[in-house]
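Engineer: model the structure of this input:
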Amino acid sequence: MGMLGALDRYQRKHKWLGLPLAVVYKFADDQGAYLAALITYYGFLSLFPLLLIMATVLGFVLPGHPELQQQLIDSALAQFPIIGDQLTSGTQPLRGSGWGLVTGIVVALYGGLNAAVAIQNALDIVWGVPVNKRPNPFLARLRSLAMLGLLGAGVLLTTALTVVGGFGERFGPVVRVGVVVLSVAVNCGLYIVAFRALTVRAVTVREVVPGALLAAVGWQVLQAVGTAYVDGQLRGSTQVYGLFAIVLGLLAWIYLAAVVVVLSAELNAVVAGRLWPRALLGPFIEDVDLTRADRRSYTSYATSQRYRESEEIEVSFRGPDDPPEGRDRDG
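Structural biologist: Below you'll find the model as predicted:
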């Protein structure tokens, strides 16, 4: 325990190490991997229908401008490097009878709304919102509808940046770097709005800026990694292998994006709630000296399980050397 004890004392005194460790521990405590998996499931199911909705809406809004429609679709698909090239020429508007079109749009919106509800659930868990304070299914889907509107605005902004980036290829790396920086700034602003809108807890802009910046940079990195994966692994592959590689690669890419979002939200909660430093061995052994941040974290986990306003939850902690009847109350 000598070396581990020294490392524990060091990370408790140094924010650059203690803060990331606390974020990872809270991610594990909140079962962040499962939250990201749920977002991935609904995100994967809703991705293709939402692309069809976009193509359909553009067909109504810009009926006489097929080239502009295709340019907007290509710019949107550029945000998904694993499948963008494969869908660039294949995404076509929904056609048929009016009722068939309405049914297709309703089904697509249902999938997209569920993906946004999964993100809401994750953010409420991260912020320790009690169950009885979380929105009911109807209100949650109204919030999700606003989220889809925000996503549409983001697509328009990133489309404009994609066009500018295309012109930037002619002017050298300086313009390209400027476009990347501007893209990160735009995405950071979108994440700030989303992190505030998709949780019922009242959070300030200052409280969500760290996570929004991390998410924006992470999104940019994932796009670059996804493009490299397509260029290095899928070019020249057989049709069958390429199909499986696209599906598995897309699932992995969406999951990584969901993990980045959950980790970014965890960073916001840890910084805002001063939930660091954590005990190094806290998640692994029972006999450990808990920090104040540990106690605040475990208290939050317990109180977030309140299902009724009349329900009272009291949390207490016993020291490693204290008898069971000697309790140190916290919360």
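
Engineer: quick one: the helices in the stretch 151-300 of the chain?
Structural biologist: Listed from the start of the chain, the stretch 151-300 of the chain has helices (DSSP state H, counting those that start in this stretch) covering 173-197, 205-229, 239-273, 292-303.

Engineer: would you confirm that G111 contacts Y42?
Structural biologist: Yes - using Cβ atoms under 8 Å, G111 is in contact with Y42, at 6.7 Å. For glycine as for every other residue, the C-beta is placed from the backbone atoms N, C-alpha and C.

Engineer: between the two, which has more neighbouring residues?
Structural biologist: In this comparison of G111 against Y42, neighbours counted by other Cβ atoms under 10 Å, the higher total goes to Y42 at 20 against 17.

Engineer: quick one: closest of the helices of the stretch 151-300 of the chain to G5.
Structural biologist: With distances scored as Cβ to Cβ, the stretch of these nearest to G5 is helix 292-303 (16.0 Å).

Engineer: so which elements touch the closest one?
Structural biologist: Using 3 or more Cβ pairs under 8 Å, 6 or more residues apart in numbering; DSSP states H and E as the contact criterion, the neighbours of helix 292-303 among helices and strands are helix 15-29, helix 239-273.

Engineer: in a markdown table: those helices, plus mean neighbour count, mean pLDDT and distance to L157.
Structural biologist: Putting the helices and strands packed on helix 292-303 into a markdown table (neighbours: other Cβ atoms under 10 Å; pLDDT from 0 to 100; distance: least, Cβ to Cβ, whole Å) gives the following:
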| stretch | mean neighbour count | mean pLDDT | distance to L157 |
| --- | --- | --- | --- |
| helix 15-29 | 18 | 96 | 28 |
| helix 239-273 | 19 | 84 | 18 |
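
Engineer: now those helices as TSV including distance to A194?
Structural biologist: Rendered in TSV, the data for these read as follows (distance: least, Cβ to Cβ, whole Å):
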stretch	distance to A194
helix 15-29	19
helix 239-273	9
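
Engineer: the helices of the stretch 151-300 of the chain: which one's closest to A122?
Structural biologist: Each of the helices of the stretch 151-300 of the chain has some distance to A122 by Cβ to Cβ; the shortest is helix 239-273, at 5.6 Å.

Engineer: what packs against the closest one?
Structural biologist: With 3+ Cβ pairs under 8 Å, 6+ apart as the test, helix 239-273 has helix 15-29, helix 32-61, helix 98-126, helix 173-197, helix 205-229, helix 292-303 packed against it.

Engineer: may I see these organised as JSON lines, with distance to P277 added?
Structural biologist: Compiled in JSON lines, the helices and strands packed on helix 239-273 are given as follows (distance: least, Cβ to Cβ, whole Å):
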{"stretch": "helix 15-29", "distance to P277": "4"}
{"stretch": "helix 32-61", "distance to P277": "19"}
{"stretch": "helix 98-126", "distance to P277": "19"}
{"stretch": "helix 173-197", "distance to P277": "24"}
{"stretch": "helix 205-229", "distance to P277": "17"}
{"stretch": "helix 292-303", "distance to P277": "6"}
